[in-house]
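> No letters, just coordinates:
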């Protein structure tokens, strides 16, 4: 399994937020914040919408679990409050359906981030 070190994740977060800002692609900023702080898969991040954001019992996201044996499996993942506010703000006007795996991988290579195996 491949992982990003904390330093790599920070560099990638900064690069993706900058890329999303320059290209006017707010769903990429939201998508990577979701990936970075929830640990979910890209396909799970694509399913996040405004209804996924919850504030009670704690700030978090309801995520659809894709690798499941039964249907309709969800999990509540805690998120930092400021990050969740930013995601919620972006989801007011952007759809996560356009958040594509290939573009995330291209950006990782562009900024020199290579996941490592443990």
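Received, thanks. No experiment lies behind these values; they were computed from the predicted model shown.

> Which neighbouring elements make contact with the lengthiest helix in the chain?
Secondary structure of the chain per DSSP state H: the longest helix is helix 6-23. For helix 6-23, the contact count by 3 or more CB pairs under 8 Å, 6 or more residues apart in numbering; DSSP states H and E identifies helix 26-38, helix 101-110 as packing neighbours. Yep, even glycine has a C-beta here, placed from its N, CA and C like the rest.

> So for the longest one, mean pLDDT?
Mean pLDDT, helix 26-38: 87.

> can you check the last one too?
For helix 101-110, the mean per-residue pLDDT is 75.

> Where does the prediction get shaky in the chain?
Filtered on pLDDT under 70, the chain yields the residue ranges 1-3, 68, 111, 113-118.

> which one of the helices and strands packed on helix 6-23 is the most hemmed in?
Comparing these by mean neighbour count (mean count of other CB atoms under 10 Å), helix 26-38 ranks first with a mean of 22.

> quick one: the helix or strand that that helix is followed by to chain centroid distance?
Per DSSP states H and E, the first helix or strand lying C-terminal to helix 26-38 is helix 42-46. Helix 42-46 has its C-alpha centroid displaced from the chain centroid by 7 Å (CA atoms, centre = their mean, to the nearest Å).

> any idea which helix or strand comes after helix 42-46?
Counting by DSSP H and E, the next helix or strand C-terminal to helix 42-46 is strand 53-54.
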